[in-house]
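Student: sequence below, structure please.
(one chain, ligands or ions: 2)
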Amino acid sequence: MSARINPSILAADFANFERELGRIATADAAHVDVMDNHFVPNLTFGQPMVERLQQVSPIPLDLHLMIENPDHWAPQFAEMGVFSVTFHLEAATAPATIARNIRAQGARAGVALRPGTPFAAIEELLPHFDQLLIMTVEPGFGGQSFMPETMPKLKQAKDWAKRTGTDIWLQVDGGISATTIEQAAEAGADTFVAGSAVFRGEPAEEIERLRTLANA
Ligand code: DX5
Ligand code: ZN
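Tutor: Ligands and ions are numbered 1, 2, ... in the order given. The predicted model follows:
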């Protein structure tokens, strides 16, 4: 398995997204944090923005919806031709139906868990999904510290995938850097979102460094 590195453009220069996407062209996907100021206390990108990013991005878009009512919105985002759409379990009414509607648009369906949401809350529904996002910070802001207490949940997910022979991607997001990525890889993650760690230095070098550490 080769680790996937998805830089979060939440840490990019908001006045220059086309150029910023070019700086992360060697990454596996660009992680786009959609926030509605309701599910989380922060506001970022709406649909017209995502649509335009999709047109100019040299790499696939990995959407992370931190919004209320994903039942309504997630399929609409999937319609834009993005690679994956991940919504929060805590905000969803009918998660399996949302997953089906995302997949019907040709996108990978993902579900995210806040640090306080247990693995048991999603276990039975996991066969409906292509990827599971274990948040390693409280969603809402970049630049927060990695929460090591979320690692047992990641291990539970990895054990479940092995036990059931399910090919599901396990993603981590929040505080991922050269100092934390190895423990997340060790616990079973295969897809790593990193915002500040990638954009703070030279993105291409950081992407390569993180990938090497995660694959070690
Ligand atoms: C937080 C977002 C993350 C954020 C990560 O709610 O979901 O994707 O951009 O930023 P860093 O890597 O700086 O913790
Ligand atoms: Zn995110």
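
Student: what sits against Ser57?
Tutor: Under the criterion of Cβ atoms under 8 Å, 6 or more residues apart in numbering, the contact list for Ser57 reads 21, 30. Yep, even glycine has a C-beta here, placed from its N, CA and C like the rest.

Student: could you check how far it is from Phe77?
Tutor: From Ser57 across to Phe77, the span is 14 Å (Cβ to Cβ, to the nearest Å).

Student: and for Glu202?
Tutor: Between Glu202 and Phe77 the computed distance is 31 Å (Cβ to Cβ).

Student: ok, these two, which is more surrounded?
Tutor: When Glu202 is set against Phe77 and neighbours are counted by other Cβ atoms under 10 Å, the residue ahead is Phe77, at 25 against 12.

Student: give me the contacts around the strand or helix carrying that one.
Tutor: Phe77 belongs to helix 70-78 when elements are defined using DSSP states H and E. Identification of contacts with helix 70-78 by Cβ under 8 Å, 6+ apart yields 34, 47, 50, 63, 65, 67, 85, 87-88, 91-94, 97-98, 101-102, 104-107.

Student: how about a cut-off of 7 Å?
Tutor: With Cβ atoms under 7 Å, 6 or more residues apart in numbering as the contact definition, helix 70-78 has outside contacts at 47, 50, 63, 65, 67, 85, 87-88, 91-94, 98, 101-102, 105, 107.

Student: what's the first helix or strand after that helix?
Tutor: According to DSSP H and E, the helix or strand after helix 70-78 is strand 84-88.

Student: for that next one, what is the distance to the chain centroid?
Tutor: Between the mean C-alpha point of strand 84-88 and the mean C-alpha point of its chain there is a distance of 7 Å (Cα atoms, centre = their mean, to the nearest Å).

Student: same question for stretch 108-126.
Tutor: Computed by Cα atoms, centre = their mean, the separation of stretch 108-126 from the middle of its chain amounts to 13 Å.

Student: low pLDDT regions in this structure?
Tutor: 1 (pLDDT under 70).

Student: hey, where'd the strands end up in this structure?
Tutor: Along the chain, counting by DSSP state E, strands occupy 4-7, 30-35, 61-66, 84-88, 108-113, 131-135, 169-173, 191-194.
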